[in-house]
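[1] Build the 3D model from these lines:
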Amino acid sequence: MSTSSGFVVAIPARYASTRLPGKPLQSLAGEPLVLHVARRALAAGADEVWVATDDARVRDALQGTPVQVAMTAPEHPSGTDRLAQCAAIAGWEDDRVVVNLQGDEPFAPVSGVRAVAALAGRQGVDLATLCAPIGDVETLLDPNAVKVVRATSGDALYFSRAPVPWPRDAFALGRDVMSAGDWWRHIGIYGYRVGFLKRFAAMPPGQLEQIEMLEQLRVLEAGHRIAVGIAPEAFPPGVDTSDDLARAEARLAALLR
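    This is a model prediction of the structure:
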């Protein structure tokens with residue numbers, strides 16, 4: 001059982017993927033994609049880095065690395081459920097801070113991992129996450145770009161695939177130009193203490209969650225606090241498709257020059 005006062009990172013890595021089969025093991029610069037993600041967590045100073053997977057091939061690919069692997073049930077409906085089982089396997093205490101880093105983020109900035117861990121460790125925060133400013137109308141209107149509305153405290157008021165808040169006067173004239181104001185895109189990295197992770201996984205899906213297909217709405221609908229920090233630096237796009245993988249390969253090659 002871990003006793004460090006720092007944080008751990010857990011990476012959900014389900015083998016099956018509709019858009020990119022076997023995604024965790026897709027090769028990026030000759031190494032599994034999930035290993036690149038784990039290295040970002042290690043570089044951020046995580047005390048432990050775990051990959052929570054449902055496939056022995058992922059476990060086998062990580063042998064000989066500092067990454068620990070939790071073999072989790074294949075039927076988990078979400079990464080949150082998978083990480084709750086990972087926490088039980090790892091034996092983390094309830095007050096341990098865990099960062100949920102998606103397994104398709106090989107360029108996640110270490111400053112962002114540290115920022116969400118620090119936010120999750122604050123008193124009274126149930127769940128922590130990050131956001132970044134939206135500067136173009138295409139992103140604002142894109143349902144795949146999740147928007148977050150924040151209170152002046154920085155806590156989340158709502159998450160949506162819709163362009164919220166709706167710029168009424170500007171959009172009445174046309175929807176091809178951004179109006180003055182602040183819009184925030186949600187970045188899908190999460191931090192919480194193990195005790196809340198267990199509670200989160202045990203909550204029934206909320207109505208808002210099922211409408212928008214956004215798991216974090218379950219937390220808001222149940223009345224819990226989500227703290228949303230501004231990402232200290234940009235999160236490059238993740239890898240969801242073969243085209244994304246090709247772009248990641250080119251990006252990595254440019255970084256290594």
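[2] quick one: low-confidence ranges for the stretch 1-150 of the chain?
    1-5 (pLDDT under 70).
[3] again, 80 this time
    1-5, 18 (pLDDT under 80).
[4] ditto for the stretch 151-257 of the chain
    177-181, 256-257.
[5] can you give me the strands in it?
    156-160, 184-193, 226-230 (DSSP state E, counting those that start in this stretch).
[6] how about JSON lines for those, with mean neighbour count and distance to Gln216 added?
    Just so you know, the C-beta spots here come from the backbone N, C-alpha and C atoms, and that holds for glycine as well. Shown next, in JSON lines, are the strands of the stretch 151-257 of the chain (neighbours: other C-beta atoms under 10 Å; distance: least, C-beta to C-beta, whole Å):
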{"stretch": "strand 156-160", "mean neighbour count": "20", "distance to Gln216": "6"}
{"stretch": "strand 184-193", "mean neighbour count": "23", "distance to Gln216": "8"}
{"stretch": "strand 226-230", "mean neighbour count": "20", "distance to Gln216": "7"}
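[7] could those strands go into TSV alongside distance to Pro204?
    What follows is these, written out as TSV (distance: least, C-beta to C-beta, whole Å):
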stretch	distance to Pro204
strand 156-160	18
strand 184-193	18
strand 226-230	18
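[8] Out of those strands, flag the one nearest Leu28.
    strand 184-193 (19.2 Å; C-beta to C-beta).
[9] Just want the angle from the closest one to strand 226-230.
    With axes from the mean of the first three to the mean of the last three C-alpha atoms, to 10 degrees defining the directions, strand 184-193 sits at 120 degrees from strand 226-230.
[10] Give the pairing partners of strand 184-193; include direction for each.
    strand 97-100 (antiparallel), strand 127-133 (antiparallel), strand 147-150 (antiparallel) (DSSP bridges).
[11] and of the strands of the stretch 151-257 of the chain, who's closest to Glu75?
    Using C-beta to C-beta, the nearest of these to Glu75 is strand 184-193, at 21.5 Å.
[12] what's the angle between the closest one and strand 156-160?
    Using the same axes, to 10 degrees: strand 184-193 against strand 156-160 is 120 degrees.
[13] How far off centre is strand 184-193?
    6 Å (C-alpha atoms, centre = their mean, to the nearest Å).
[14] For that strand, C-alpha coordinates in PDB please.
    Provided in PDB are the C-alpha atoms of strand 184-193 (Å, rounded to 0.1, in the frame of the first residue of the first chain):
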ATOM      1  CA  TRP A 184     -13.900  27.100 -22.500                       C
ATOM      2  CA  ARG A 185     -13.200  23.700 -23.900                       C
ATOM      3  CA  HIS A 186     -13.000  20.800 -21.500                       C
ATOM      4  CA  ILE A 187      -9.800  18.800 -21.400                       C
ATOM      5  CA  GLY A 188     -10.500  15.200 -20.400                       C
ATOM      6  CA  ILE A 189      -8.000  14.700 -17.600                       C
ATOM      7  CA  TYR A 190      -9.400  14.100 -14.100                       C
ATOM      8  CA  GLY A 191      -8.100  14.000 -10.600                       C
ATOM      9  CA  TYR A 192      -9.800  12.800  -7.400                       C
ATOM     10  CA  ARG A 193      -9.100  11.100  -4.200                       C
END
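[15] Helices along the protein, start to end?
    33-43, 56-61, 79-90, 110-120, 137-141, 168-173, 194-202, 207-212, 216-221, 242-256 (DSSP state H).
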